[in-house]
Each structure stands twice: as structure tokens, then as C-alpha cells.
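Participant: the following comprises the amino acid sequence and a computationally predicted model.
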Amino acid sequence: MFPLRIDALRFAPEGRVVLDELDLVLPGEGISVILGPNGAGKTVLLRLLAGLLPAHGGSIVWGDAPRPAGRLAMVFQQPMLLRMSVFANVEFALRPQAMNAAERRARTTEVLERVGLAYRARDSARLLSGGERQRLALARAWAMRPRLLLLDEPTASLDPSATEAVERIIREIRTEGAKVLMTTHNLGQATRLADDIIFLAEGRVQEHEPAQRFFAHPQSPAARAFMQGELPWRIAFDR
Amino acid sequence: MAHSFRSLMLVLALLASTVHADETLVVASTTSTEQSGLFGWILPRFEQSTAIKVRVVAVGTGQALDIGRRGDADLLFVHDRAAEDKFVAEGYGSYRKDVMYNDFVFVGPKEDPAKTRAAGSALNALKAIAASGQPFVSRGDKSGTHAAELRLWKEAGVDPKALAGYKETGSGMGPTLNMAAATNAYTLSDRATWYAFKNRRDLDLVFAGDPVLFNPYGVIPVNPARHPHVKKEAAERFAQWLVSKEGQEAIAAFRADGQQVFFPNAKK
Amino acid sequence: MTQTLVEALSLLGSFDHRLLDIVGLSLRVSLTALVIGTLLGLPLGAWLAVADFRGRGALIVALNALMGLPSVVVGVLVYLALSRSGPFGSYGLLFSPAAMIVAQSVLVVPLIAAVTRQIVEDAWRDYAPELSLIGIGRAQAVALLLADCRFSLSVAMLAGLGRAMSEVGAVMIVGGNIDGYTRVMTTAIALETSKGDLALSIALGIVLMALILGLNIAVHFIRGWALRRYG
């Protein structure tokens, strides 16, 4: 299902243009981080790829196919948690897969250990702290063995130690072979995690290049201004 | 779908029936017989000797007759001669037999502003109430009591609806007496319910005894030709028991407030 | 008045036989109606929450309206249906506890269905994107939502029970208020009051209010416990 080719993608609900003429080619390895000002459409792009929003123009091609051949998983900013135990909140996500009950339990225990939540497996999920919730959501996504993992601001509301724990998990997932596509506001996080940076502004991809090069020499004026913190936090279109 | 629905209904019917070998009989009767306590007295005697469980639905005579027409009861026990005869004539009832009579009494404020105590006759009492402008509460519910009341007004030559103080409650004898007690009004009640009524306040019995106030009760088994499902034998046994020596004695022995209120009058 | 109150309290204290029979029948009828109402109303509400078809909005409005159906109206309709002269007369259910169960079920089903629909629809709105990404089918998702909303749904069921226990119009008409057979708390209160015999009325009224109060206390504690335990 890789490379993922996006051509002239357009998203304009009720005439209000959010993404327009968006082109992107995504390889199947590594962590790609989407940067950009607020309202640029980062979350929208993730949701379009996940199939949660309809495109209003352009095309998304996964390898040679119109649909992804491998599994997609997404972790939202406020992950959905059922009123059940931590364990159950991971286990239920494995039901659509071809695993029997014992296999599901084994896989759940495995990922909970890897994210450091195994000792809380019996606790009620909704009573976890913010950082623990994000780790739980990651565990759930990871358990599914996704080929592509989409993350929307995974550490937005977390303190530094929780952020570090989450970043460690993301790296492990990448090491296991999943492709990670994530958004963030945290430039430090981007420098720590990204293999390549996708800079999104004014509804399209302004730059897409290896992280080191982006941070050393951002090409587009918008990116340069962003890095210098001079871009207004909200952009409006008049198209 | 229809099959499972029928199964559900059968399960409900099973749930409804208690597990006993007794047969049951549904009797539609009037609120006066139920609320006076008569059924509480005579039914155990009947059930003892026959093992038939009698279930009494106590409503106004009008509704009781309607229940009989629909076939939802096996037997009627009501007190409106004209309506009863019509019921049998129309083929809904097998026959009608006299069982007992009680009488109606006038109750009103104990000071008796309309001076009904001295009226001399029931019709004069009604005329006195009309002339005095005192409030009068009617059941207004097509019951036997209501039918009797309207007949008396008609014979007295008074249109009750034209009276300023005339009110219809559309309910049984108890609620009507409640309203009369609360508003210090006159009303027509059957003696038995009056004796059993506990919330009298300032009401008192002010006139009684005139033969036109006698109120005969009849028993009518619902006609199985019209409604084949009715419990024909059980209804027969109850009807026969009511007019038998045993039933008639039980009726005569019933006391409300220490007095006999129902007088057996089955034809020998 | 105090005399009547004293009589009422002594009836309660002595566990008067009549009183216990009446309370027992009330509970039997209303609890059965609750079970039936839940078995029918819960799936209906859940389906309506996630289904998508023309006329769905109209159906929801109709269901919400049925919630407020006056009990006497239900009583008359069920009476006509169960009467021997009616479509379901051959089952002979009129003037029996079964008829009362039917009537109260008719009252309870729309209430539970409407409240379930609201609860599940709100949860569906929150959860549907993630559930679909995980690959959970619609039917399984609904089952998951019902389990997740189990506390709110319990509260809805208790509301249904309260409605059944406090209504008098339907059970009076279809049950016939037969002494020792179809007389429940509400119909007995109506009858005894109309006879002017207030002691039993007040005693039954106290029991009924205590039960309703108990239900509401249970609701309060369920909500609190669920929040503390599950967040």
C-alpha cells in the first residue's frame, strides 16, 4: 500500500476551502511529522486518510490500489475510552481480527507491558491520567499491528515525563515496521521523532523533506516564518 | 412472527392464571354492591360450598351492561329494571331473576335547610330541594342509582339540569357522597353505601321510606348463544345460589352499620 | 385526621394481609411490565439511534410523543383490544393481571425506547469514528455501546418502573380493580378514598411513596457509584 500518493486533494465543506491542490508522496517507512500553523488542515488530512472524511476532489492512491491493503490505526487527541478496564479497552479492538480469545488476551498483555500499563490492567480506563490514557490508546492501536499509524497531537496535553514515555513508544512502533504519520505543535518533539517533515500551510504541502534539512534550511517563506514564530496563528482564505 | 406472538400471549395467559383447581366466574356488578361490603359477606359463603371463585368487576350499571354485551363477563348483577329487561330482550342475557332490593335514601346537611324531613314523600322532597335552591350532587354516571334519580326528578316534574345548584360527578356513590359532604349538598344514595360511608362530616340521612325509593336488583347470566365462551355452568350455579334459600338468607343476614340493608325478594 | 394517620400506621406496622397482597401484586405487575418494556424498548431504541432511513426523524418524534401518552388512553385502547369483542379477545386476558401487565408494558416501552435512543445516539456520535476505524461492525458496535451506557440505561429503566408503579388509569380500566385479584396500590387508593375509608388509602400511599423514593435514591447512588468507579 506504499508509496502513498496524494494528488490535488481538495477538502472544502460547504464551500469553505480547507485543503486545496494538496500533493504528497509518502514512503512506507519511518516517522513523518506534519507541521504547520493552526487551521492549516493537519487533522483534516489525517482524517481524510483514515476515511473518516470525504474528499471533494483529487485522489489518494495506496501503492497501486484505491484502498489501503494493510491495516490503519489512528489515535485521536481525546481517545475514546469505554467504561471498562484498561485491559478490556485494548482487547475489544482485536475482536474484528482473526484471533481466538486466548490470542487476544496474550497480545493485549504484551502491548500493555510494552507501554508500561500492565500493572493497571484491571483498573478502570477512564480514571487514568492524561499520559496513561494516551499510552492506552497507543497500546490499543499497536495491538492491531497496523501498517500505518496516524497520530493527532499525541502529547498535546501531557507533561514532559509523560511526553517522553509516549515518544519512546512511538519510536518502538516505528522500529517494528509500521509507518507513522503524526501531527504536532511541539517543534522539539518534531526534531526528536521525525524522519521527514511535511510542512502544511494555506491548504497545501509547502515542503516535504528529511527532517535535518528542513530544520537547517526551511525552503519556503511560510516555513521560515513559522520557524521564527511569526506566522499568525490562524490563516483565512479568500479563494 | 404470528406464531411467536401467539406464544407470547399464551405465556401471558399462563402467567395470569394462578395455579388452582377452582373455576372462576367474572361478575359485572355495581359499585353499590361492592362498596357496601355485600360481596365481601356473601361471596365467601358461595365459594365455600361450590369451589367457584367469583371475580367482581364493580362499575356503574351502564358500564356493567356494556361489559355484558361485549362478553367480557359471565354474569351481571345490577339494579336498573328497564335496562335489564332490554338487555335480555336484545338477546344478550339468558334471563333475568329478582334477587333482592334495597332502598334509596336522601342525605343532606343535618340542618336540612330544604326541610326534606317533613316532605312526606320522595317526590315532595325533590320539589322542596328544587324550590330551596340548595345544592344537589348527582352521580351522573348512567348507574342504576343515577337512572332512579332521573326517574324521580321526572315524576316530580322538575328538570334537574335547570337547577343552579345541581352538579354531576360522573362517578360512583362513594365519590359522590364525598363531594356532597364537602359541599354540604343533598344527594340520593343507596342505603347500604351510606351506612358503609365513613367520611360523613355534616351529612345526615334526611328522608327515606317512600316505596318509590325501593331499588330492585336482578341477576342475568350472559347468553352463551351470543358469547359461546362464557362460563355457562358456573354462571347458572351462582344465579341459582343467589335465589336459593341459602343465598337469600345470606343476603338477609348482611349488616351495614348494624342494620339490614338488602332485602331478599326472589320469587319462589 | 390524626386518627386516620394512626390507623394507617398501625396497618403498616401490623403487615396487614390485604395491604401486603396489594403491594405484592403491584410489584409483580410493574416489574413484569418493566422486563417486557426493556426487552422490547431497549433494542428498538438502540436500532433507532444508529439506523439511517427516510422518516427516521418522524419516527423519533412519534416515539417521544408516545412517552407522554396518558395512561387512561392506553387503558381504553388495551381494553378494546383485549375485550372478547375485540381482536385479541380469544385469549381471555381482560380483567386479569396479565391485562394489566400488557397495559403497563405499552406505557413503558416508548419511554425506555425513547430514552435509550437518546443515550445511544449521543454515545454513537462520540464513538463511531474510532469504532469504525477499529473495524467493528455496526451491530457489534451497538452491543458495545449498550454495555458502555449500562448505568444511564439502568436509570432509564428505573424511570420506566416509576411510571408503571404510579399510574392508575390503565390498570383500573383493563384490570377492573377486582378485590383480591387485580387490585393494586394505585387502584386501591382510588377505591378506598372514594369509599371515604382513608386509613388504608394513606397506608398504601405511604408504601407507594416509599417505593418511588427508594427508586430515586437508587438512581442517585447508581449515578454516583458509576462515576467514581468508571469515570
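Facilitator: Noted; the coordinates are in hand.
Participant: list the buried ones in stretch C:143-151?
Facilitator: For stretch C:143-151, the neighbour count (16 or more other Cβ atoms under 10 Å in any protein chain shown) marks C:Leu144, C:Leu145, C:Leu146, C:Asp148, C:Cys149, C:Phe151 as buried. For every residue, glycine as well, the C-beta is placed using N, CA and C.
Participant: what sits closest to the second one if chain neighbours are left out?
Facilitator: Think C:Leu145. Closest residue to C:Leu145 in three dimensions, ignoring its sequence neighbours and counting by Cβ to Cβ, 6 or more residues apart in numbering or on different chains: C:Ala123, at 4.8 Å.
Participant: run a quick neighbour tally on the one residue in chain A that gets nearest to chain C.
Facilitator: When scored by Cβ to the nearest Cβ, chain A has A:Arg126 as its residue closest to chain C, at 2.8 Å. A:Arg126 has 16 neighbours, counted by other Cβ atoms under 10 Å in any protein chain shown.
Participant: ok, it - contacts?
Facilitator: Counting by Cβ atoms under 8 Å, 6 or more residues apart in numbering or on different chains, A:Arg126 touches A:Leu81, A:Arg83, C:Tyr230, C:Gly231.
Participant: now do the contacts for the second one.
Facilitator: Right, A:Arg83. A:Ser124, A:Ala125, A:Arg126, C:Asp148, C:Arg150, C:Phe151, C:Ala226, C:Tyr230, C:Gly231.
Participant: now do the same contact list for residue 152.
Facilitator: Chain wasn't specified; assuming chain A. Applying Cβ under 8 Å, 6+ apart, we find A:Asp152 in contact with A:Lys42, A:Thr43, A:Leu46, A:Met74, A:Val75, A:Phe76, A:Gln77, A:Met182, A:Thr183.
Participant: meant chain C, my bad for not saying
Facilitator: Neighbours of C:Ser152 in contact, by Cβ under 8 Å, 6+ apart: C:Ile119.
Participant: let me know whether my guess that it is in a helix holds.
Facilitator: Yes: the assignment for C:Ser152, made by DSSP: H, G, I helix; E, B strand; the rest coil, places it in a helix.
Participant: who's the residue nearest the centre of chain B bridged to?
Facilitator: Centroid check for chain B by Cα atoms, centre = their mean gives B:Thr30 as the closest residue, at 3.3 Å. Legend: beta-bridge partners of B:Thr30 under DSSP bridges are B:Val59.
Participant: in space, what's closest to the residue in chain C sticking out farthest from the centre - neighbours in sequence excluded?
Facilitator: Distance from the C-alpha centroid of chain C peaks at C:Leu133, with 37.7 Å (Cα atoms, centre = their mean). The shortest distance from C:Leu133 to any non-neighbouring residue, by Cβ to Cβ, 6+ apart, is to A:Met74 (5.5 Å).
Participant: now the one you found. Its backbone dihedrals?
Facilitator: Dihedral pair for A:Met74: phi -130, psi 140, per degrees, to the nearest 10.
Participant: check B:Thr187 too.
Facilitator: Backbone dihedrals for B:Thr187, given as degrees, to the nearest 10, come out at phi -160, psi 160.
Participant: which ones among the contacts of A:Arg126 map onto helices?
Facilitator: Using DSSP state H, the subset of these located in helices is C:Tyr230.
Participant: just to revisit the earlier point, can you give me the buried ones in the helix or strand containing the residue nearest to C:Leu145?
Facilitator: Using DSSP states H and E, C:Ala123 falls within helix C:97-134. For helix C:97-134, the neighbour count (16+ other Cβ under 10 Å) marks C:97-121, C:123-124, C:127-131, C:133-134 as buried.
Participant: with stretch C:203-216 instead?
Facilitator: Going by 16+ other Cβ under 10 Å, stretch C:203-216 has these buried residues: C:Ala203, C:Leu204, C:Gly205, C:Val207, C:Leu208, C:Leu211, C:Leu215.
Participant: save the residues you listed as JSON lines, and put in pLDDT and secondary structure too.
Facilitator: Shown next, in JSON lines, are the buried residues of stretch C:203-216 (pLDDT from 0 to 100; DSSP: H, G, I helix; E, B strand; the rest coil):
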{"residue": "C:Ala203", "pLDDT": "92", "secondary structure": "helix"}
{"residue": "C:Leu204", "pLDDT": "92", "secondary structure": "helix"}
{"residue": "C:Gly205", "pLDDT": "93", "secondary structure": "helix"}
{"residue": "C:Val207", "pLDDT": "93", "secondary structure": "helix"}
{"residue": "C:Leu208", "pLDDT": "94", "secondary structure": "helix"}
{"residue": "C:Leu211", "pLDDT": "93", "secondary structure": "helix"}
{"residue": "C:Leu215", "pLDDT": "91", "secondary structure": "helix"}
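Participant: any stretches of chain A with poor pLDDT?
Facilitator: Residues of chain A that meet the criterion pLDDT under 70 lie in A:230-239.
Participant: can you pull out the strands in it?
Facilitator: Using DSSP state E, the strands of chain A run over residues A:4-11, A:19-26, A:31-35, A:57-62, A:72-75, A:148-152, A:179-183, A:196-201, A:204-210.
Participant: and the worst-scoring helix or strand of chain C on mean pLDDT, how far out from the chain's middle?
Facilitator: In chain C, no helix or strand scores lower on mean pLDDT, DSSP states H and E than helix C:2-13, which sits at a mean of 86. Relative to the chain's own centre, helix C:2-13 is displaced by 29 Å; criterion: Cα atoms, centre = their mean, to the nearest Å.
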